[in-house]
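Enquirer: Predicted model, plus sequence, below.
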Amino acid sequence: MNALQRDLKNLVPLVESLGKETVAADPHRQRFHLQPPVGWLNDPNGLCVYGGQYHAFFQYGPFDVNGGVKHWGHAVSTDLLHWEQLPVMLYPDEPFDCHGAYSGSALVEDGTMYLYYTGNVKHPGNFDYIKEGRGHNVCLAVSKDGVTLDSKQCLLTNRDYPAGLTCHVRDPKVFAYEGRYYMVLGARTLEDKGEVLVLESTDKLRWTHINTLTTPEPFGYMWECPDLFCLDGQWYLAVSPQGIQCQNVYGCGWFAIHGDWRGDCTLSEFHELDAGFDYYAPQSFVDGNDRRIQIGWMGMPDADYGNAPTVAYGWQHCFTVPRVLTAGPDGILLQNPVPELDAQRSAAALHAASGEEVFLAPRFDLTAAPAGDFCLTVAQGVQLVYTEQDCTCTLRFTDPALADGRTVRRARLAAPCRSLRVVGDNSSLEIFLNGGATVFSTRYYPAPGDVNIKLTGAACELCNL
């Protein structure tokens, strides 16, 4: 352990303890979403099962509610809904990661947890930190108990990546397949074209670039947080592309892969993963029940809206509810809350007729089967409006007090809407349409106490969570 790590290991718990009471007093603190103890949270990292528990790491800025130097925060759960915070796992304490332990993934093998991440280094000088001045290193941290580190090392630097790239090469996702190990890395070329590098290894340490996944024409300038996975024999590439035309500052979605991603292949059209205000950088993993579970950051980088109500209490951002990914008709990805959420539903459900107003705690689960136009209103300030004629769904904030700058988001459904599910927590709404074919995720900030919920155009069932 070096001196910097010793100081950080003392300082982070001190900052957390000093802010604990203030954070706990926030009425918008979430009940069943993973959130930071204090400060800032962004990308999910290292999602895995280890020692009979779910482990989730996250980009964590304990010293700055608006970001700051990134650590890897750490939490564990037995049900994906109730999370116990553990001590920080990765500190920015080595020359190869001194300006941030950036995003990455976990590989669990033979009782050992291998954490691959990007070590961020910004060299002093008059640099743009895109084409020069920045080091994005692939680093490996090893843990034998899932709580403490045994070692950290740098495996790859920018000199080891293919020619023609900027300094921005990051977010390793590592997995085992057919007797070998594979890594995908998000990258930005010198021509400002986003792509994903595919690397191969036989020992988890030495890596060789074998392929690059991209589109024939430029589609954004940087593909962040790649995730390569298979469902029912079909391979998918999920990415968060920066620089595309979309409703949010940055996009987030998936391509289906046609062919072998290790060689000749093409990517399908790009499909949006979430049409809401707050969804970015998702990662997925396979659990002990052979489910592909995806968790996203319920936030958006560089957005022109924010989370001032929670910032005032010293914390910002959370994860989404974990979602099970399945392949629907024509290979379309479907996202639905993990079934564990059903166990949180209150025993007595309320059945509301069309237009009937119901008051519930902000933690609720609403289900309905609309057959035409409908309008859902939550807390008299958030509306979800569906128009059957063009299969368009619009999420709109009508009360700025709930929005902190959020306005309108829209999506056109591939088929008429026949199922609706809304999961509400103290300061979030996650809306699942047509069995998870279309999803809207957003933060919102209702006044403390019960919220009124009204659905016109369909009857619904509501339960407290």
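Expert: Cool, the structure landed. If you're wondering where the values come from, they're calculated on a predicted model, not measured in any experiment.

Enquirer: so who does the spatially closest residue to S346 that is not a sequence neighbour touch?
Expert: Excluding the flanking residues, the one nearest S346 by Cβ to Cβ, 6 or more residues apart in numbering is N464, at 4.2 Å. All C-beta spots, glycine's among them, are computed from the backbone N, C-alpha and C. Contacts for N464 (Cβ atoms under 8 Å, 6 or more residues apart in numbering) come out as 345-346, 360-361, 363-364.

Enquirer: now swap in R418 and tell me
Expert: By Cβ under 8 Å, 6+ apart, the residues touching R418 are 369-371, 434.

Enquirer: Out of the contacts of N464, who's the most crowded?
Expert: With neighbours taken as other Cβ atoms under 10 Å, the top of the contacts of N464 is F364, carrying 23 neighbours.

Enquirer: doesn't N452 make contact with that residue?
Expert: No: using Cβ atoms under 8 Å, F364 is not in contact with N452, being 11.2 Å away.

Enquirer: Mind picking the two most distant members of the contacts of R418?
Expert: Farthest pair in the contacts of R418 (Cβ to Cβ) is A371 and N434. Separation: 12.9 Å.

Enquirer: neighbour count winner among those two?
Expert: A direct count of neighbours by other Cβ under 10 Å for A371 and N434 places N434 higher, at 21 against 12.

Enquirer: burial measure for H136, as a count.
Expert: H136 has 24 neighbours, counted by other Cβ under 10 Å.

Enquirer: Same question for W235.
Expert: The number of residues packed near W235 is 16, by other Cβ under 10 Å.

Enquirer: Find the residue closest to it in space, skipping its chain neighbours.
Expert: Closest residue to W235 apart from its sequence neighbours, by Cβ to Cβ, 6+ apart: I257 at 4.2 Å.

Enquirer: tell me which element that neighbour is part of?
Expert: According to DSSP states H and E, I257 maps onto strand 253-259.

Enquirer: Would you map the helices across the stretch 201-350 of the chain?
Expert: 308-311 (DSSP state H, counting those that start in this stretch).

Enquirer: Walk me through the domains of this structure.
Expert: Listed by automatic domain parsing, the domain ranges of the chain are 3-333, 339-464.

Enquirer: okay, those in TSV with mean pLDDT next?
Expert: Converted to TSV, the domains of the chain look like this (pLDDT from 0 to 100):
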stretch	mean pLDDT
domain 3-333	97
domain 339-464	97
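
Enquirer: Let's check: the centremost residue of the protein is which one?
Expert: The centre of the chain sits closest to G296, judged by Cα atoms, centre = their mean, with a distance of 1.8 Å.

Enquirer: Tell me who's in contact with that residue.
Expert: Going by Cβ under 8 Å, 6+ apart, G296 touches 44, 252, 273-274, 279-283, 319-320, 441.

Enquirer: can we see that at 10 Å?
Expert: Taking Cβ atoms under 10 Å, 6 or more residues apart in numbering, we find G296 in contact with 43-44, 225, 238, 240, 252, 273-274, 278-284, 319-323, 335, 430, 439, 441.

Enquirer: State the distance from it to T367.
Expert: Per Cβ to Cβ, to the nearest Å, G296 is found 22 Å from T367.
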